[in-house]
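Student: From the sequence below, what's the structure:
(one chain, ligands or ions: 1)
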Amino acid sequence: MSKKKNNSTPLISYERKMEMLGIIIIAIAASIAISIITYRSEDFAIIQSVSFRTLMDLGQGPALRIQNGLGPLGAYMSHFFVHILFGYISMILVVIMLSYGWNIFRHNALAIVHLKSLYAVFVMILSASIMGWVHNEFDAVSADWAGSSGVAIAYLLRGLTGQYGPVIILGSMSLIALILLFNKDVQSAFDRIRQAGVWFGSIFSSSASANEDPEERDAASVKQVRDSAQEKGSDGSRNQKNGTEEDEDSRRKRWEELVSSSSEREQARKLKEQKETGETRPPRAILSRENRGDDGAERGSSGKNEPGDDQGADGTAEAGEQDVDIRIYKGTPEEEAGKRKLEKERKKQLEKPQITYRFPALDLLDKAPEEDNEVDYEEINRNKMIILDKLNRHGIDITAIEAIVGPTVTLYELQPAPDVKISKIESYANDLKMAMATKGLRIIAPIPGKSAVGIEVPNRKKETVYIRSLINTRKFAETSMKLPVAFGRTIENEVFMVDLARLPHLLMAGATGSGKTVGINTIITCLLYKCHPDDLKFVMVDPKKIELSLFRNIQNHFLATLPNATEPIITDTAEVLQTLNSVCKEMDERYDLLKMATVRDITSYNEKFKEGSLDNELGHRHLPYIVVIIDELADLMMTAGKQIEEPIARLAQLARAVGIHLVIATQRPSVNVITGTIKANFPARVAYRVASKIDSRTILDTMGADQLVGRGDMLYNSGGVSMVRLQNAFVSTEEVDRINEFIGNQTGYDRPYYLPETEDPNDQGGSLEKGERDELFEEAAKVLVLHQQGSVSLLQRKLKLGYNRAGRLIDQLFTAGIVGPYQGSTAREVLVENEDELQELLNDLDN
Ligand SMILES: Nc1ncnc2c1ncn2[C@@H]1O[C@H](COP(=O)(O)OP(=O)(O)OP(=O)(O)O)[C@@H](O)[C@H]1O
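Tutor: This next block holds a predicted model:
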């Protein structure tokens with residue numbers, strides 16, 4: 001493959017430069033910090049009283065009298081920061097600089113640092129002004145805490161707004177600063193402060209039990225709060241209560257938090273016990289286990305008519321009769337890798353890359369916003385009550401419940417009593433759906449490998465799984481998969497990864513807007529983050545014309561096309577057909593190469609080629625993986641039907657060993673699009689939300705996809721019986737754009753990877769005029785007739801030819817009727833029996 005000479009590489013790479021800049025900034029910040037800490041106002045006076053020359057004379061008295069840790073320079077700096085700017089509070093500037101320095105050094109994104117710095121500057125000015133005000137009004141603090149600027153702002157405020165104006169302005173600004181700091185509900189912050197009061201109260205009031213076991217103490221405080229809640233509750237019904245709704249709510253919250261703190265301790269004890277007995281659980285964070293022996297208080301105080309709370313008072317009361325523990329789990333995120341790890345692992349794979357290439361950096365991907373992804377205990381408890389109530393009414397006893405909180409859905413794992421028939425639980429799916437007023441609810445009865453029934457209920461607040469949070473994990477960085485795809489997160493918050501090279505092909509289906517294109521972008525992004533362009537090429541087919549168009553930027557790095565292709569991303573049906581046939585031809589050629597090299601798969605072939613034991617002259621070359629992506633199969637099947645199905649089926653059956661893999665998506669998972677032949681050859685399937693149970697059956701062979709909630713909620717089946725529910729990672733168009741720009745701006749190969757040319761189906765083999773025949777035409781014909789074997793590799797060996805020329809000769813011999821049509825990995829049939837017959841045929845051709 002031809003390649004461009006890479007442009008001169010800079011002496012010091014961009015990364016190293018940034019690291020140096022980071023260190024310089026940190027060093028300056030540390031110096032300023034030392035100068036501020038050792039600030040003395042007299043130092044500056046000394047500097048001013050002597051000349052520069054005297055100052056520089058270290059043996060002289062003036063220099064010796066300066067006590068700043070950084071000498072005269074420190075005295076200057078600290079004068080500026082402490083005296084002129086904002087006093088000691090200027091230290092915040094040091095913190096800002098350190099933060100910039102560190103993040104630049106670590107190659108982290110700076111967007112969040114900018115925001116936080118802006119906030120820190122605001123807090124610095126505000127604090128200095130408050131100090132200035134205290135200094136001016138009461139002379140209670142030294143002016144060194146406010147600096148001239150802080151004092152000046154306080155004067156200005158006093159002058160403009162009188163005696164009380166600064167109190168109001170500075171007070172409200174402080175409150176705003178607090179709100180911004182916690183970025184949370186201030187109301188609940190107040191509640192928490194009050195709650196802390198109750199805590200202290202309960203501790204002091206039960207001073208007699210000061211030496212008690214902590215669990216008992218918790219239980220005592222729980223009881224106290226619960227009792228007080230019950231007292232209130234018993235005074236009157238919910239509608240008659242005197243206190244406000246907020247009072248009830250905050251009391252309930254308080255109660256729940258106390259309960260969960262005591263129960264977490266109990267949970268930890270249980271876990272320890274489990275460890276000792278050798279019983280293990282998957283690594284999930286245990287959030288709470290709520291033992292509601294007497295649930296009345298909690299339910300009574302709920303007080304709100306939430307959706308799904310349609311059971312009213314008597315519904316929940318009945319449920320209370322069946323008292324079941326619930327354990328709540330939320331999976332802890334996987335360990336982050338950091339940019340260096342990813343970079344190191346990616347470089348490890350490369351031995352002698354054909355082009356100089358920089359892998360896309362993590363910074364091109366958006367960081368997940370700092371959202372409040374806390375578990376909604378209220379929602380979980382309400383759902384638990386509804387589930388218990390519904391099943392209890394129908395005589396189904398549940399002995400235990402666990403709630404596993406995933407990004408999109410929560411899985412309630414129910415342990416039914418031994419005599420319960422589990423199909424009975426399944427039959428109440430619709431009742432439960434109605435009671436919870438939820439869109440998609442899936443019952444898994446039983447959960448494969450467990451003696452439990454699962455009910456998946458969509459969360460009211462869904463979490464977006466950002467692709468960066470998957471790519472930036474050790475699991476992804478260190479994977480040895482050839483074509484790793486981190487699809488998303490499981491319900492247990494684990495990064496779910498598959499190796500496309502082993503699948504070997506993937507069929508994706510989902511209604512419009514369910515997240516297929518985002519899913520395809522996730523696959524491509526993962527591959528672009530892990531694979532070098534030497535090792536991977538995409539053939540992109542996009543009948544919808546816009547979905548994959550962003551990838552045209554990377555054509556000279558990552559795309560494979562026909563030599564005469566009109567566009568790098570194929571949108572025209574006729575061209576799709578020709579391209580797929582060409583990929584088939586590439587597959588056949590690769591099989592010939594593998595056969596010549598006597599290896600069984602692409603990995604061994606490439607290793608052998610790397611060792612130098614394969615001859616370039618015979619057409620051997622490094623073989624990149626080829627991933628063929630078809631964004632909408634339905635469209636192609638409608639226009640080209642069988643013609644399209646044929647090459648897809650051939651590739652799906654055979655292409656795995658030679659490193660060609662298919663990813664096909666469709667929004668119409670009907671049997672005339674996903675035909676039996678296609679389905680049989682695509683064991684790995686992904687279903688996004690589909691419109692009907694029938695569609696779900698077509699794609700997954702079972703129901704379930706019709707109950708998904710959309711926006712990347714998906715079921716993955718690798719061909720076995722069990723399916724995994726995942727939240728597909730989200731990658732935005734902007735992110736895809738940035739990655740493409742980053743790669744596209746680098747010097748790539750001269751052209752896309754060319755797929756072999758195929759015969760035009762309308763062309764009956766082209767002209768065989770004497771002048772247009774290959775010079776070795778006759779000689780090649782004789783070799784094949786002599787050996788009675790129509791194989792390219794035979795011609796290569798006997799005539800010492802490259803693969804392409806030998807292939808062209810075989811095509812001409814086929815047109816001349818000397819060899820038969822292509823037969824896959826076996827040699828073509830020779831149609832001429834002996835040399836005499838051949839001579840006759842050649843004479844005819846000449847005439
Ligand atoms: N994994 C995801 N996380 C969050 N939101 C998502 C996710 N996937 C898709 N969405 C949302 O759903 C919208 C539609 O997604 P997408 O375009 O991928 O659907 P589609 O199935 O390809 O639809 P169509 O077939 O009409 O092209 C996106 O714009 C995005 O807002």
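Student: Which parts of stretch 512-522 count as buried, going by neighbours?
Tutor: 514-522 (16 or more other CB atoms under 10 Å). Using the backbone N, CA and C atoms, a C-beta is placed for each residue, glycine as well.
Student: Which of those fall within strands?
Tutor: Per DSSP state E, strands hold no members of the buried residues of stretch 512-522.
Student: out of those residues, which are inside helices?
Tutor: 516-522 (DSSP state H).
Student: Those residues also near the ligand: which ones?
Tutor: Among these, the ones lying near the ligand by CB under 6 Å from any ligand atom are 516-518.
Student: ranges for the helices of the stretch 351-500 of the chain?
Tutor: In the stretch 351-500 of the chain, the helices defined using DSSP state H, counting those that start in this stretch lie at 377-393, 422-426, 429-436, 467-471, 474-477.
Student: quick one: the longest one to helix 429-436, angle?
Tutor: So that's helix 377-393. 140 degrees (axes from the mean of the first three to the mean of the last three CA atoms, to 10 degrees).
Student: Centre of the chain to helix 377-393, how far?
Tutor: A distance of 32 Å separates the centroid of the chain from that of helix 377-393, by CA atoms, centre = their mean, to the nearest Å.
Student: What residues sit buried inside that helix?
Tutor: Within helix 377-393, judged by 16+ other CB under 10 Å, the buried ones are 377-392.
Student: Near the ligand, which residues of the stretch 601-750 of the chain are found?
Tutor: Checking the stretch 601-750 of the chain against the ligand by CB under 6 Å from any ligand atom, the hits are 667, 711-712, 728, 730.
Student: give me that answer again for 8 Å
Tutor: Proximity of the stretch 601-750 of the chain to the ligand, by CB under 8 Å from any ligand atom, involves residues 631-632, 665, 667, 688, 710-713, 727-730.
Student: ok, these vs the ligand, which is closest?
Tutor: Of all those, the ligand sits closest to Gly712, with 2.2 Å by CB to the nearest ligand atom.
Student: ok, how many other residues are close to Gln727?
Tutor: 26 (other CB atoms under 10 Å).
Student: How about the contacts made by it?
Tutor: 406-408, 462-463, 465, 488-489, 712-714 (CB atoms under 8 Å, 6 or more residues apart in numbering).
Student: Buried among those residues? Make that a PyMOL selection.
Tutor: A single PyMOL command selects the buried members of the contacts of Gln727 (16+ other CB under 10 Å):
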select buried, resi 406+407+408+462+463+465+488+489+712+713+714
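Student: In strands, which of the contacts of Gln727 fall?
Tutor: Using DSSP E, those in strands are 488-489, 713-714.
Student: of the residues you listed, closest to Phe609?
Tutor: Nearest to Phe609 out of those is Gly488 (CB to CB; 35.4 Å).
Student: Contacts only, for that closest one.
Tutor: Gly488 touches 407, 465, 470, 496, 522, 712, 714, 726-729, counting by CB under 8 Å, 6+ apart.
Student: Spell out which residues of the stretch 351-500 of the chain are next to the ligand.
Tutor: Counting by CB under 8 Å from any ligand atom, the positions of the stretch 351-500 of the chain adjacent to the ligand are 462, 464-465, 488.
Student: Pull up the gap between Tyr822 and Lys585, please.
Tutor: Separation of Tyr822 from Lys585 (CB to CB, to the nearest Å): 8 Å.
Student: Now render the buried residues of stretch 512-522 as TSV, adding distance to Val576 and pLDDT.
Tutor: Converted to TSV, the buried residues of stretch 512-522 look like this (distance: CB to CB, whole Å; pLDDT from 0 to 100):
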residue	distance to Val576	pLDDT
Ser514	24	92
Gly515	24	92
Lys516	18	92
Thr517	18	92
Val518	23	94
Gly519	21	95
Ile520	16	95
Asn521	20	95
Thr522	23	95
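Student: Against Leu180, how distant is the residue in the stretch 251-400 of the chain positioned nearest to the ligand?
Tutor: Nearest residue of the stretch 251-400 of the chain to the ligand, counting by CB to the nearest ligand atom: Ala368, 11.6 Å away. The gap separating Ala368 from Leu180 is 20 Å, by CB to CB.
Student: more neighbours, the two?
Tutor: Comparing Ala368 with Leu180 by other CB under 10 Å, the one with more neighbours is Ala368, at 16 against 11.
Student: you'd agree that one is up against Leu470?
Tutor: No: applying CB atoms under 8 Å, one finds Ala368 not in contact with Leu470, separated by 10.6 Å.
Student: who touches both of these two?
Tutor: With CB under 8 Å, 6+ apart, Ala368 and Leu470 have no common neighbours.
Student: Quick check: Asp572 touching Leu562?
Tutor: No: counting by CB under 8 Å, Asp572 stays clear of Leu562, with 11.5 Å between them.
Student: And these two? Which one has more around it.
Tutor: Leu562 (20 against 15).
Student: now the more buried one: how far from the ligand?
Tutor: Leu562 sits at a distance of 26 Å from the ligand (criterion: CB to the nearest ligand atom, to the nearest Å).
Student: Please apply the same query to Ile24.
Tutor: Counting by CB to the nearest ligand atom - Ile24 and the ligand are separated by 40 Å.
Student: Which residue, other than its chain neighbours, is closest to that residue?
Tutor: Gly101 (7.7 Å; CB to CB, 6 or more residues apart in numbering).
Student: Neighbours of the one you found, how many?
Tutor: That count, for Gly101 with other CB under 10 Å as the rule, works out to 20.
Student: That one is in contact with Glu19, isn't it?
Tutor: No: look at Gly101 against Glu19 with CB under 8 Å: they stay out of range, at 10.4 Å.
Student: any idea how this protein splits into domains?
Tutor: 475-708+719-754, 770-846 (automatic domain parsing).
Student: Go through whatever helix or strand Met77 lives in and flag the buried ones.
Tutor: Assessed by DSSP states H and E, Met77 sits inside helix 71-78. Neighbour-count burial for helix 71-78, counted by 16+ other CB under 10 Å, picks out 71-72, 74-78.
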